[in-house]
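Student: fold the following and give me the result.
(chains A, B, C and D)
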Protein chains: 2
Amino acid sequence: MIFSATCNYALRASLYIASYQQKRPFVPIREIADNLGISFHFLTKILQVLTQKGLMVSFRGPHGGVSLAKKADEISLLEIVRAVEGDALFQRCLLGLEHCNDQSPCPLHSRWSSIRREIQDLLSRTSLGKLSRKVLSEGLRLKASENVKS
Amino acid sequence: MIFSATCNYALRASLYIASYQQKRPFVPIREIADNLGISFHFLTKILQVLTQKGLMVSFRGPHGGVSLAKKADEISLLEIVRAVEGDALFQRCLLGLEHCNDQSPCPLHSRWSSIRREIQDLLSRTSLGKLSRKVLSEGLRLKASENVKS
DNA sequence: CAGATTTCGGAGTCATTAATCTGGAATTAT
DNA sequence: ATAATTCCAGATTAATGACTCCGAAATCTG
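Tutor: From the prediction side, this is the model:
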């Protein structure tokens, strides 16, 4: 629902970096991939996009990796989402109609618009910093939890 | 966003039937496809699913077509969505995590859950009948609007 | 410098969804 | 009967997204 796998990975990886970068200048992609259970090569590609868009900075070689380009409190989830999903995401019609807007609305336009705005507000109000602190203090998970039973 | 093309088509076609069935016993799929700008064969396949799931009834031959299985006021958009998208749609985590729930939540779980519920409520409160009356009275569109300029 | 580490960038594969095509079966009208 | 209409069902193709692979470039260590 809502987001592509690419976008989910981008959010989780960003959150991982914000949470576990600590004093290191860079966090290796391999570490992120291993800890979140994401394909290394695929994640590499996704993070490349984020660095190209200026949200991350990267460094090659030993002790290299990626790092947030700004302070974690200054990066909103919305920025991450927009970087990988593009700008059209928050303009789409619930019925899939092109050019559905206030002038030429579909039957659900007004009601859907307000929910869509809520989603956008949630993402723009929530920063990586805020959320990473919550992850650390409450021990929340970012990975798919492979705990089968036991 | 949110829905697949299949689901969009299912909703629009259902709404078309509810709006334009008038006194006819059945509405031909060809007419729906032409008026909504959807591939006939593809729409056929989608409506077959809706009839298999008991939401529509169909009839072959001249003056055949498909028809709502219940009164339009008794069919919610949610029923249509569930029939084509399956049941998992309204349980998915914003970060794409499996088994994200109150016991083992992701960092966004509580906030996302409430928005997700709003979406589900909107769809379950809105019936085909209610929405089709709105379509007719306000002249709202169900198709992609090919008005280039003129 | 040699070798290990790590990102970069492009190409290729696989799976799922979207869409098309073709023939057949049911029904009606002539 | 025969033809026309319309849904049904399966096969095929196209497009997109998800994921893999590999060689190259940058950087550090010894």
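
Student: so which bits of stretch A:93-104 are buried?
Tutor: Residues of stretch A:93-104 classed as buried by neighbour count (16 or more other Cβ atoms under 10 Å in any protein chain shown): A:Cys93, A:Leu94, A:Leu95, A:Gly96, A:Leu97, A:Cys100. Where you see a C-beta, it was placed from the backbone N, CA and C, and this is true even at glycine.

Student: pLDDT on that stretch, on average?
Tutor: Stretch A:93-104 shows an average pLDDT of 92 in the prediction.

Student: against B:Leu108, how distant is A:Lys134?
Tutor: As judged by Cβ to Cβ, to the nearest Å, A:Lys134 and B:Leu108 stand 9 Å apart.

Student: with neighbour numbers in mind, choose between those two.
Tutor: B:Leu108 (23 against 16; other Cβ atoms under 10 Å in any protein chain shown).

Student: what values do phi and psi take at the closest residue to the more buried one other than its chain neighbours?
Tutor: Distances taken as Cβ to Cβ, 6 or more residues apart in numbering or on different chains place B:Leu94 nearest to B:Leu108, at 4.9 Å, with adjacent residues excluded. B:Leu94 adopts backbone torsions of phi -60, psi -30, taken as degrees, to the nearest 10.

Student: same check, this time on A:Ser58
Tutor: Torsion angles, degrees, to the nearest 10, at A:Ser58: phi -130, psi 160.

Student: also A:His63?
Tutor: With angles defined as degrees, to the nearest 10, A:His63 sits at phi 60, psi 10.

Student: what number of residues are in the vicinity of the residue nearest to it when sequence neighbours are not counted?
Tutor: Leaving aside its sequence neighbours, A:His63 sits nearest to A:Phe26 (Cβ to Cβ, 6+ apart; 6.7 Å). Using other Cβ under 10 Å, A:Phe26 has 18 neighbouring residues.

Student: and if you look at A:Arg60?
Tutor: 7.

Student: likewise the one 10 residues further on?
Tutor: When neighbours are defined as other Cβ under 10 Å, A:Lys70 has 15 of them.

Student: contacting residues for it?
Tutor: Residues near A:Lys70 by Cβ atoms under 8 Å, 6 or more residues apart in numbering or on different chains: A:Leu55.

Student: so how far is A:Asp87 from it?
Tutor: From A:Lys70 to A:Asp87 the distance is 20 Å (Cβ to Cβ).

Student: and A:Ile17, what are its phi and psi?
Tutor: phi -60, psi -50.

Student: my read: it touches A:Leu68, true?
Tutor: Yes. Under the criterion of Cβ atoms under 8 Å, A:Ile17 makes contact with A:Leu68 at 6.0 Å.

Student: what does chain A put close to chain B?
Tutor: A:1-3, A:5, A:8-9, A:11-12, A:15, A:89-90, A:92, A:94-99, A:104-108, A:111-112, A:115-116, A:118-119, A:122, A:126, A:131, A:134-135, A:140-145 (Cβ under 8 Å from any Cβ of the partner chain).

Student: narrow those to just the buried residues.
Tutor: For the residues of chain A next to chain B, buried by 16+ other Cβ under 10 Å: A:1-3, A:8-9, A:11-12, A:15, A:89-90, A:92, A:94-97, A:105-108, A:111-112, A:115-116, A:119, A:122, A:126, A:131, A:134-135, A:140-144.

Student: which members of those residues are positioned in helices?
Tutor: Per DSSP state H, helices hold the following members of those: A:8-9, A:11-12, A:15, A:111-112, A:115-116, A:119, A:122, A:131, A:134-135.

Student: what about the closest residue in space to A:Thr126 that isn't next to it in sequence, distance to B:His109?
Tutor: Using Cβ to Cβ, 6+ apart and skipping the chain neighbours, the partner closest in space to A:Thr126 is A:Leu77 (5.0 Å). As judged by Cβ to Cβ, A:Leu77 and B:His109 stand 14 Å apart.
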